[in-house]
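Visitor: I need the structure of the sequence given here:
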Amino acid sequence: MKVRITFVSLIAPFTCLLACLGNTQWQDWRGIGASKGVPLPPAENFKSRPYGEETGLKLVSQASPPTSEQLDAARRYSELHGGQAMVVMWDGKVIFESYANGGGKDRLQPLASGTKSFVGVVAVAAVQDGLIRLDEKACESLTEWKTDPLKSQITYRHLLTMTSGLTPGERVSAIRLPGWKEILAKPMVGKPGGQFHYGPYHLCAFAEALQRRLKSKTGETFEKYMERRILQPLGIKLEWRIRCADGNPQVGGGGAMTARDWAIFGEFMRQGGTWNGKQIISKELLAECLQGTPQNPAYGLTWWLKKPVPDSIIRQIPILQHEMGEILRSDWLPNDLFMAAGAGKQRLYVIPSLKLVIVRLGKFLNSRAFSDAKFLGLLLGGKEDTK
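Guide: Numbers count the residues shown, from 1 in each chain. Coordinates of the predicted model:
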């Protein structure tokens, strides 16, 4: 096991699978380097405040980072359950970095369905660039949908929130998805805007629609646009380890990235679209990613949200009953938490009120018992519970 811990002063600069997210439908910094052995300030330097009397947990205050004890407890828990990488940023600075179980600082690791959250950000960038409108009918680009009474009513927002009614996916490996055009021909299983069905096909359809618009306007592919508009400005790299049958990226779960780079992406989201003092995407547009729908209040434009969800909806959506249910039931967690999540418990947590961005990457086969609530409880409240 290799652990690195650092606490950077406020004036120090910084530069910044094999399956989709598991449910009954789908199984799925550029920071300043830490010097080994440099401890964080002692716990007594930080004040705690109660947050959720029901659980008895105490979270660090908005002005204080997690203590070294809390960070180490969370690290131990993650590694016990297959954790390979853990990076924590507080107020824009890396305060903790740890690798184990084959993980490494420079290792690109599969994000699985954590890849999805890039698509929502690409979408609002395209809105800002005048390429699309979220509530525009997708058939304006996907002309083969114009004659279909249901598909002709699908908007870009429907695709990004997985409420399009299109077949969401099929019980096949995420590494064997059909090509984007073939996905467009899949049958409808619901009405546009009528239900939430989790799966990658919505996003592949969106990517095909945007790519057609891009080719007519700029000559770019979806992949090149994402690189120019999002990845390059942040100085990060996303490698497409999985592609669809036509060679296009599997945007619903095919990306791989280092823990540090994923943390930068999370910090960019926490800062409302700003990076290194430059507004890359409008804060107001980026906020669209964090708006749920009546069909699933806990899912925005490709991001999971900590929002109240009626029991009647939870009973209809298997992933809310299982994989994401823990987050929803944890009343002590801040309500502004949002996250990207993938199979193998790949996690990017963003908590603006606590100034925190947390990345956890792990082994696909050893992370099944990992609990979001236990991990965050240890990191935020220092509660030792590794059962």
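Visitor: so which helix or strand takes in the spatially closest residue to residue 304 that is not a sequence neighbour?
Guide: The shortest distance from residue 304 to any residue other than its chain neighbours is 4.9 Å, reached at residue 339 (Cβ to Cβ, 6 or more residues apart in numbering). Backbone N, C-alpha and C define where each C-beta goes, glycine included. Here residue 339 sits within strand 338-342, counting by DSSP states H and E.
Visitor: still on that earlier bit, ok, the residue nearest to residue 304 - contacts?
Guide: Contacts for residue 339 (Cβ atoms under 8 Å, 6 or more residues apart in numbering) come out as 303, 304, 327, 347, 348, 349, 350.
Visitor: so what's the second one bridging to?
Guide: I take that to be residue 304. Beta-bridge partners recorded for residue 304 (DSSP bridges): residue 299, residue 339.
Visitor: now swap in the fifth one and tell me
Guide: Taking DSSP bridges, one finds residue 340, residue 359 as the beta-bridge partners of residue 348.
Visitor: what about it, neighbour count?
Guide: Residues contacting residue 348 under the criterion other Cβ atoms under 10 Å number 27.
Visitor: cool, and the last one?
Guide: Burial of residue 350, expressed as a neighbour count using other Cβ under 10 Å, amounts to 24.
Visitor: what angle do the host helix or strand of it and strand 338-342 make?
Guide: Assigned by DSSP H and E, residue 350 belongs to strand 346-351. Counting by axes from the mean of the first three to the mean of the last three Cα atoms, to 10 degrees, strand 346-351 lies at 180 degrees to strand 338-342.
Visitor: which strands and helices sit next to strand 346-351?
Guide: When contacts are defined as 3 or more Cβ pairs under 8 Å, 6 or more residues apart in numbering; DSSP states H and E, strand 346-351 sits against helix 259-270, strand 338-342, strand 356-362.
Visitor: ok, and what's touching the one helix or strand residue 122 maps to?
Guide: Using DSSP H and E, residue 122 maps to helix 116-128. For helix 116-128, contacts defined as Cβ under 8 Å, 6+ apart pick out 21, 132-134, 156, 160, 200, 203, 206-207, 210, 213, 222, 225-226, 229-230, 238, 251-253, 255, 265, 269, 280-282, 285-286, 288-289, 300-303, 340, 348.
Visitor: ok, back up a step: give me the residues contacting the strand holding residue 350.
Guide: With Cβ under 8 Å, 6+ apart as the test, strand 346-351 has contacts from 109-114, 117, 262-263, 265-266, 269-270, 334, 336-341, 356-362, 372, 376.
Visitor: ok, residue 75 to residue 68 distance?
Guide: As judged by Cβ to Cβ, to the nearest Å, residue 75 and residue 68 stand 10 Å apart.
Visitor: more neighbours, the two?
Guide: Applying other Cβ under 10 Å to residue 75 and residue 68 shows that residue 75 carries more neighbours, namely 25 against 18.
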